[in-house]
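> only geometry, no sequence info:
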């Protein structure tokens, strides 16, 4: 007769044992005795006393958090900014299209290639997006480099870094959501990780040298700075390709 | 509650920051409980509660309405706690039985009577349990707490810890085996 293993007893204890194990437990006196001892040993660890919270604990947490949260409507202002960029991009593309049609009428045979290039409005829009994204990544890199080299920043430097981080956080969200919506998982993932770091810098009201050290450590561990450089190279590469099409 | 939570999330995303307060009030105690059970430290648990709700707010757009908000924020809190206990040096902060109010801060074995010898033994076992818990890896500790103290299923643990179901099961198995091995000498005295 094959007796129950410790793993099988663990499964039984947590109500996930097989019917065969259950049947064996009922039939085997030795396993039944061992299982009773096993159960007692685990039940001893069961009584964890969690410190009681007062009835208004949730309210207390909320009051602490409240001032750190930026309302979504303010963040939505960023969307309007984004929409503005897109509109500007489309306007430029449309103007270029009109110009191409005009020039095409005059130089039909010679300018076919050029016209095809200019009338490709999604590419024009994409170039605008790439310029904006590259600028965002440049700014983010500068902030992270500054963070990496600041040993014990004074309060003025802290304020400046937090203000910059808040701006970058708002725009980062927009790019992340856009990247996610357009199915660019790699970019969305990288921007999501970046967002975590920016949020830590932006939302801590009392940024201390120890906090910065922790953020720097997280940043180094996750290789976020390296990731940004890869993204920059990628967006620049896409920009170059777009320009030569 | 779930439907209500969803409407609150919609309100927050529409710009009503104050509405988030209702979610914080409703779920703070649960988040605190799991954070405390993982870290074993009251101050750390309180910080984790704030961190979880802050992260939750920042990622609210990614919240999928298929699951309850409580489950979603619970998952964030467990990950915050896991990160916390994974940091080097944090384990040293884990409270031991000699604390001024050990009943509040440690995993205790209830004394069945007021016999001083028994109370002493109970404290000894409690301290040994704390030490044994500290020797688990962060994933083992989280998996064990979720299975043993929070009554989560293996698939829930896998989802919360973002690992394969079999890996979650193995983490629980290893934790139980280690704890039983560590506490074996005390079982003879209990």
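Nice, thanks for sending it over. If you're wondering where the values come from, they're calculated on a predicted model, not measured in any experiment.
> which element follows the host helix or strand of residue A:143 toward the C-terminus?
Using DSSP states H and E, the element containing residue A:143 is helix A:121-149. Using DSSP H and E, the next helix or strand after helix A:121-149 towards the C-terminus is helix A:155-181.
> which elements pack onto that following helix?
helix A:72-106, helix A:121-149, helix A:185-203 (3 or more Cβ pairs under 8 Å, 6 or more residues apart in numbering or on different chains; DSSP states H and E). Glycine gets a C-beta too; all of them are placed from N, C-alpha and C.
> what angle do that helix and helix A:185-203 make?
Orientation check (axes from the mean of the first three to the mean of the last three Cα atoms, to 10 degrees): helix A:155-181 against helix A:185-203 gives 150 degrees.
> in helix A:155-181, which residues are buried?
A:158, A:161-162, A:164-165, A:167-180 (16 or more other Cβ atoms under 10 Å in any protein chain shown).
> what pLDDT does residue B:97 get?
Residue B:97 is assigned a predicted lDDT (pLDDT) of 36.
> contacts only, for residue B:182.
B:128, B:131, B:132, B:135 (Cβ atoms under 8 Å, 6 or more residues apart in numbering or on different chains).
> contacting residues for the first one?
With contacts defined as Cβ under 8 Å, 6+ apart, the neighbours of residue B:128 are B:182, B:183, B:186.
> pLDDT added to the residues you listed, as CSV?
Shown next, in CSV, are the contacts of residue B:128 (pLDDT from 0 to 100):
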residue, pLDDT
B:182, 87
B:183, 85
B:186, 74
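> out of these, which is nearest to residue A:200?
Checking the contacts of residue B:128 against residue A:200 with Cβ to Cβ, the nearest one is residue B:182 at 36.0 Å.
> hang on, the closest one in a helix?
Yes: counting by DSSP: H, G, I helix; E, B strand; the rest coil, residue B:182 falls inside a helix.
> against chain A, how distant is it?
For residue B:182, the distance to chain A (Cβ to the nearest Cβ, to the nearest Å) stands at 11 Å.
> for residue B:52, same thing?
From residue B:52 over to chain A the distance is 10 Å, taken as Cβ to the nearest Cβ.
> pull the number of nearby residues for that residue.
27 (other Cβ atoms under 10 Å in any protein chain shown).
> nearest residue to it other than its sequence neighbours?
Excluding the flanking residues, the one nearest residue B:52 by Cβ to Cβ, 6 or more residues apart in numbering or on different chains is residue B:77, at 3.9 Å.
> for that neighbour, give me its contacts.
Residue B:77 touches B:31, B:34, B:35, B:48, B:49, B:52, counting by Cβ under 8 Å, 6+ apart.
> show me what the mean pLDDT comes to for stretch B:149-165.
For stretch B:149-165, mean pLDDT rounds to 91.
> tell me the gap between that stretch and the middle of its chain.
Here stretch B:149-165 is found 12 Å from its chain centre; the criterion is Cα atoms, centre = their mean, to the nearest Å.
> so how far does it reach from one end to the other?
Here the two ends of stretch B:149-165 are set 18 Å apart, with distance taken as Cα to Cα, to the nearest Å.
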